[in-house]
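[1] Predicted model follows, preceded by the sequence.
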Amino acid sequence: MNDTFHEKSNKKTNGTSTLPILYSLRNCPYAMRARLAIFKAKQTVLLRDLVLSNKPAEMIAVSPKGTVPVIVLANGTVIEESLEVMLWALQETDPNDLLDCQNESALSDMLMLINEFDSDFKTCLEAYKCAKRYQEDNVVECREVCQLYIQQLEQRLTAHSFLMSNKESLADIALIPFIRQFARIERQWYLQSPYPMVRQWLNGYLQSPVFTKVMAKHPLWVDEPQDVLFGGN
């Protein structure tokens, strides 16, 4: 897994920082889960918060696709996908064993679940968000499609405290930002929906000190180009 990860996701730049540089967007779910993994891994990075309407030239120079998160490692390696940033952080240090290293099939099972939500659920979620935002007449239909995936999580969380087992894993912190988005689309419906275990799981994260720190607001780097130390707790 490690070799494949490094072959497929890494590029080189001439970065000279002694700490990794993380380009992030505070409310982007992909950047959010990358920050969660970095925080959980107790890695320290230089955080550069931005808005996509004003992307810093320094980021575009190393990652022309212009999306976040992007991390530039001290040796110049550039990692451009959120899941790969998470894997980098936790493969460096994993104090809570979120990769469940003693279980040979655990990481594969986690990645399968994450990929299902990153592709299929994310598509349904975007349709649901758009239907609600533009007051289209198919909001209920879009929500019902999303519910097929939420039901799967409810079943998992009925069987154990976290998505994979009674122990937190990579899958939990990878999916939490997207379930947070789902919960916010029709808030009143969600609060009365038949998913009490999903609500309990989500609230456990949203009300945690870790999430508060991960979601802390910082000055935009393009306005005040001073790196913020993030993680390393």
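    Now that the structure is in, tell me what you want to look at.
[2] What confidence value was assigned to residue 13?
    Note for residue 13: predicted pLDDT of 42.
[3] So the protein: which segments form each domain?
    The chain breaks down by automatic domain parsing into domains covering 2-98+212-231, 106-208.
[4] quick one: average pLDDT of the last one?
    Averaged across domain 106-208, pLDDT comes to 98.
[5] So for it, first residue to last residue, what's the gap.
    25 Å (Cα to Cα, to the nearest Å).
[6] center of the protein, which residue is that?
    Using Cα atoms, centre = their mean, the residue of the chain that lies closest to the mean C-alpha position is residue 33, 2.0 Å off.
[7] Can you tell me what sits against the helix or strand hosting that residue?
    Per DSSP states H and E: residue 33 is located in helix 29-40. Helix 29-40 is contacted by residues 22, 24-26, 45, 47, 67-69, 71, 82-83, 85-86, 89-90, 95-96, 98, 170, 173-174, 176-178, 180-181, 210-211, 213-215, 230-231, 233 when judged by Cβ atoms under 8 Å, 6 or more residues apart in numbering. In short, each C-beta sits where N, CA and C put it, glycine included.
[8] same deal with stretch 117-129?
    Contacts of stretch 117-129 (Cβ under 8 Å, 6+ apart): 83, 139, 142-143, 145-146, 149, 174-175, 178, 181-182, 185.
[9] Please, where are all the strands along the chain?
    10-12, 21-24, 44-49, 70-72, 77-79, 228-231 (DSSP state E).
[10] ok so, going back, in TSV, list the contacts of stretch 117-129 along with distance to residue 113.
    TSV is the format used below for these (distance: Cβ to Cβ, whole Å):
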residue	distance to residue 113
83	12
139	26
142	22
143	21
145	18
146	16
149	10
174	8
175	8
178	12
181	17
182	16
185	22
